[in-house]
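J.: compute the structure for the input listed below.
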Amino acid sequence: MKEQTLQAKSQIVEEIKEKISSSQSLVLVDYRGLNVAELTELRKRYREAGVDYKVYKNTMMSFAFKDLGLEEFEDYLKGPSAVAFSLNDPVSAAKITTEFAKTNDKLKIKAGIVDGKIIDENGVKSLAELPPREVLIAQVLGGFNSPIQGFANVLQGTIRGLAIALNAIAEQKTA
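T.: Below is the predicted model of the structure:
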């Protein structure tokens, strides 16, 4: 019986480690005080954004974080904890959590992890303020496009000036 319990706990730790490794970011929250309707709404928002929300025992999470070299994260594992794993977009879990916490003060943001780096509550809130990935890509591409467009305008102006000068010379010769 004891061996089965140990094996079950080991499987949970492995599941947590897999979720941490496969997610682009995660946010740790204290959900104490939220009623069923509020938790259902939060889970719905997460699900729509492709964020996996799970409640694990702190001891299981502690083992998983230690195994992945994130021992410092253990400091945040006090009291009831749930984790939102952002699988597709590093910003979505932080954005949804921050927006929900603004309208519901019972949800407390504890910390997060982005790119293997631990961030505190303020870091999670800063991450939530970033625009979506598509907007960032568009901004970068727009930045690349501006110098090329300016160069094309310069060339076009030079060619236009050359054409005007040649036209003026041609009109002089015919006159």
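J.: spit out the contact partners of K95.
T.: L127, A128 (C-beta atoms under 8 Å, 6 or more residues apart in numbering). Quick note: C-beta positions are derived from backbone N, CA and C, even for glycine.
J.: cool, I12 as well?
T.: Contacts of I12 (C-beta under 8 Å, 6+ apart): Y56, K57, M60.
J.: again, but for A49
T.: Contacts of A49 by C-beta under 8 Å, 6+ apart are S86, D89, S92, A93, I96.
J.: so what are the domain limits for the chain?
T.: 2-130, 131-175 (automatic domain parsing).
J.: most packed of those domains?
T.: Comparing those by mean neighbour count (mean count of other C-beta atoms under 10 Å), domain 2-130 ranks first with a mean of 17.
J.: how far does it sit from its chain's centre?
T.: Distance, stretch centre to chain centre, for domain 2-130: 13 Å (C-alpha atoms, centre = their mean, to the nearest Å).
J.: what stretches of the chain score poorly on pLDDT?
T.: Across the chain, the ranges flagged by pLDDT under 70 are 1, 131-134, 136, 139, 142-163.
J.: can you list the residue ranges for strands in it?
T.: 25-30, 51-55, 82-86, 108-114, 117-120 (DSSP state E).
J.: re earlier: which one of the contacts of I12 is nearest V114?
T.: Y56 (19.6 Å; C-beta to C-beta).
J.: how close does the closest residue to the closest one other than its chain neighbours sit to N58?
T.: Distances taken as C-beta to C-beta, 6 or more residues apart in numbering place I16 nearest to Y56, at 5.9 Å, with adjacent residues excluded. Distance, I16 to N58, by C-beta to C-beta, to the nearest Å: 11 Å.
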